[in-house]
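Engineer: have a look at this prediction, sequence included:
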Amino acid sequence: MKNLVSAEWLKNNTDKENLVILDVRYVLGDGGYGKKEYEKGHIPNAVFIPLEEILTGEIKEHGGRHPLPNMEEFTCNMNNIGVDDKSTAVIYDDGDLSMAGRLWWMLRYIGHGESYVLSGGYKGWESKNYPVSTNDPEIRKADKLTLNLQKNMIADINAAKKAVLAEDKVLVDSRTGDRYRGEIEPIDRIPGHIPGAVNLPWTDLSEYNSNTDITEIKKHFKSVEDYNKIIVHCGSGITGTVNILFMEEAELSPELYVGGYSDWISYPENEVATEI
């Protein structure tokens with residue numbers, strides 16, 4: 001698979017030149033979780049990346065709950081912790097891939113092609129009794145990290161609106177089915193979904209790993225494979241990246257509507273649906 005690496009691969013390549021390991025564990029609603037877990041134990045030489053400070057920009061009236069930061073600042077931040085144009089970046093979270101997916105997508109968005117997600121995350125690594133550390137890593141001296149935005153990877157609210165009206169485009173809602181249907185809404189103030197969006201929950205991908213047969217992944221996305229444009233969203237641009245990750249494995253070329261549902265409902269004139 002082109003976007004994921006196994007724990008075995010990482011263990012066997014820890015001495016790989018220019019390897020950078022990034023820990024982005026996080027729990028929504030508990031900003032201190034990731035750092036606490038990192039201090040308890042992490043993959044040796046992994047650098048902790050705080051989601052709110054590094055991967056999220058200033059929250060405004062529009063743009064959603066986790067807008068992108070200034071991408072020049074993000075690039076500088078990544079460069080300062082050892083990522084450069086020659087780096088191979090391996091990113092992990094607890095194992096559900098969503099937080100790692102966010103950082104993976106952002107690195108790919110700035111043009112850093114050698115970025116990968118660790119299948120199974122930290123829990124998978126730990127379950128194999130691979131070595132862990134509580135030591136602060138030595139930050140490698142980095143060369144230049146080029147900012148080369150891949151604008152074909154991203155969509156805004158206007159593109160999302162066009163997608164739900166066009167027969168050759170599709171808007172994919174990555175949230176769980178109960179949130180899509182408006183049965184529950186634990187985070188955003190209005191339950192429901194963007195009218196016309198189809199639901200492919202990111203949680204359905206949890207069984208897939210770096211050894212999954214590509215034909216199985218393609219089968220999972222068969223319902224959207226014939227559209228000329230696929231725009232993926234979630235609540236705020238985090239869990240939707242898991243769909244993006246595996247859609248790329250299925251040889252699809254989705255865009256991410258980063259603001260997602262939380263951005264959509266920030267416009268009073270936008271309609272919300274609860275029927276399927």
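Structural biologist: Received the coordinates, thanks. Just so you know, these numbers come straight off a predicted model, no measurement behind them.
Engineer: hmm, residue 255 is touching residue 233, no?
Structural biologist: No: using C-beta atoms under 8 Å, residue 255 and residue 233 do not qualify as a contacting pair, with a distance of 9.5 Å. To be clear about C-beta, it is placed using only N, CA and C from the backbone, and glycine gets the same treatment.
Engineer: ok, residue 25 - contacts?
Structural biologist: Residues near residue 25 by C-beta atoms under 8 Å, 6 or more residues apart in numbering: 33, 34, 37, 38, 92, 93, 94, 99, 121, 122.
Engineer: how does it look with 6 Å?
Structural biologist: Contacts for residue 25 were tallied using C-beta atoms under 6 Å, 6 or more residues apart in numbering; they are 34, 37, 93, 94.
Engineer: what's the answer for residue 52, then?
Structural biologist: Neighbour list for residue 52: residue 31 [criterion: C-beta under 6 Å, 6+ apart].
Engineer: go again using 10 Å as the cut-off
Structural biologist: For residue 52, the set of contacting residues under the criterion of C-beta atoms under 10 Å, 6 or more residues apart in numbering consists of 26, 31, 34, 66.
Engineer: now it, what's its secondary structure?
Structural biologist: Following DSSP: H, G, I helix; E, B strand; the rest coil, the label given to residue 52 is helix.
Engineer: where along this structure do the helices fall?
Structural biologist: Secondary structure of the chain (DSSP state H): helices at 7-12, 33-40, 51-54, 71-80, 98-109, 121-127, 157-165, 177-180, 214-220, 240-249, 260-264.
Engineer: so which of the ones you listed comes closest to residue 274?
Structural biologist: Evaluated with C-beta to C-beta, the helices of the chain place helix 177-180 nearest to residue 274, the distance being 9.0 Å.
Engineer: list the contacts of the nearest residue to residue 193 once chain neighbours are set aside.
Structural biologist: Nearest residue to residue 193 in three dimensions, chain neighbours excluded: residue 180, at 4.8 Å (C-beta to C-beta, 6 or more residues apart in numbering). Residues counted as contacts of residue 180 (C-beta under 10 Å, 6+ apart) are 173-174, 191-194, 197-201, 261, 273-274, 276.
Engineer: what do you get for residue 133?
Structural biologist: Residues counted as contacts of residue 133 (C-beta under 10 Å, 6+ apart) are 41, 42, 43, 44, 45, 46.
Engineer: quick one: the second one and residue 132 touch, right?
Structural biologist: When you say that, I think you mean residue 42. Yes: the pair residue 42 / residue 132 is scored as a contact, 6.4 Å apart, by C-beta atoms under 10 Å.
Engineer: what number of residues lie near residue 13?
Structural biologist: Using other C-beta atoms under 10 Å, the number of residues around residue 13 comes to 13.
Engineer: ok, the residue lying closest to it once chain neighbours are set aside to residue 81 distance?
Structural biologist: Distances taken as C-beta to C-beta, 6+ apart place residue 19 nearest to residue 13, at 6.4 Å, with adjacent residues excluded. Here the criterion is C-beta to C-beta, to the nearest Å. By it, residue 19 lies 13 Å from residue 81.
Engineer: tell me, what's touching those two both at once?
Structural biologist: Residues touching both residue 19 and residue 81 by C-beta under 10 Å, 6+ apart: residue 140.
Engineer: quick one: the residue nearest to residue 193 from residue 192, how far?
Structural biologist: Per C-beta to C-beta, residue 180 is found 8 Å from residue 192.
Engineer: which neighbours do these two share?
Structural biologist: Residues within reach of residue 180 and of residue 192 at once, by C-beta under 10 Å, 6+ apart, are 261, 273, 274.
Engineer: got those as TSV, with distance to residue 247 columns?
Structural biologist: Compiled in TSV, the shared contacts of residue 180 and residue 192 are given as follows (distance: C-beta to C-beta, whole Å):
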residue	distance to residue 247
261	19
273	23
274	26
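Engineer: related to what we said a few turns ago, hmm, which two among the contacts of residue 25 are most spread apart?
Structural biologist: The span of the contacts of residue 25, defined through C-beta to C-beta, is set by 37 and 93 at 9.9 Å.
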